[in-house]
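Engineer: just to be clear, the model below is a prediction. Sequence and coordinates:
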Amino acid sequence: MHSIELSEKLYKHCVKRFRWKSRVKMHQGDSGVKLKDVLDTIKVRSLIFIDAHYCADDVTALGEVWIPVINEMKAIASHPIKKPRAYY
Ligand SMILES: C[S@@+](CC[C@H](N)C(=O)[O-])C[C@H]1O[C@@H](n2cnc3c(N)ncnc32)[C@H](O)[C@@H]1O
């Protein structure tokens, strides 16, 4: 399980929280950029939960945009495993 968090503080919190869970891999950065790097390591069909966004508070991070979903979708669309399915 991979998770991307922009906030360094929240990222460190999650690294500590999941330190005993070897299957959880945290990545710090903008998911609009990092998601492609993570997807490059994945060779099987996977569930991708898109939920990165600024919450207009003093805890969550604000990147280049409030919601990096356009670049996230581009990263998913460019992955060699085609026919992505959307679940609503
Ligand atoms: C609604 S929270 C995610 C909650 C999480 N999915 C859960 O179920 O507990 C949104 C998170 O996205 C982070 N965030 C905001 N912009 C981001 C970006 N460009 N890349 C990665 N994370 C981002 C915020 O710091 C915040 O922690």
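Structural biologist: Okay, I see it.
Engineer: measure the nearest residue to Ile70 once chain neighbours are set aside to Lys16 for me?
Structural biologist: Nearest residue to Ile70, sequence neighbours excluded (Cβ to Cβ, 6 or more residues apart in numbering): Gly32, at 7.5 Å. All C-beta atoms are positioned from the backbone trio N, CA, C, and that covers glycine. Applying Cβ to Cβ, to the nearest Å, the value for Gly32 to Lys16 is 25 Å.
Engineer: just to revisit the earlier point, show the pLDDT at the residue nearest to Ile70.
Structural biologist: Gly32 carries a pLDDT value of 96.
Engineer: re the thing from before, the more surrounded of Gly32 and Lys16?
Structural biologist: Remark: of Gly32 and Lys16, Gly32 carries more neighbours, 22 against 9, as counted by other Cβ atoms under 10 Å.
Engineer: the helix or strand containing that one: which residues count as buried?
Structural biologist: Using DSSP states H and E, Gly32 falls within helix 31-39. Using 16 or more other Cβ atoms under 10 Å as the burial criterion, the residues of helix 31-39 that qualify are Ser31, Gly32, Val33, Lys34, Leu35, Lys36, Val38, Leu39.
Engineer: mind listing residues that contact that helix?
Structural biologist: Residues outside helix 31-39 that contact it (Cβ atoms under 8 Å, 6 or more residues apart in numbering): 2, 4, 6, 27, 48, 52, 63-65, 68, 70-72, 75-76, 78-79.
Engineer: can you tell me which of these are in strands?
Structural biologist: His2, Ile4, His27 (DSSP state E).
Engineer: who wins for neighbours among those residues?
Structural biologist: For the ones in strands among the contacts of helix 31-39, the largest number of neighbours (other Cβ under 10 Å) sits with Ile4, at 21 neighbours.
Engineer: residue contacts, it?
Structural biologist: Met26, His27, Gln28, Gly29, Asp30, Ser31, Lys34, Leu35, Val38, Ala52.
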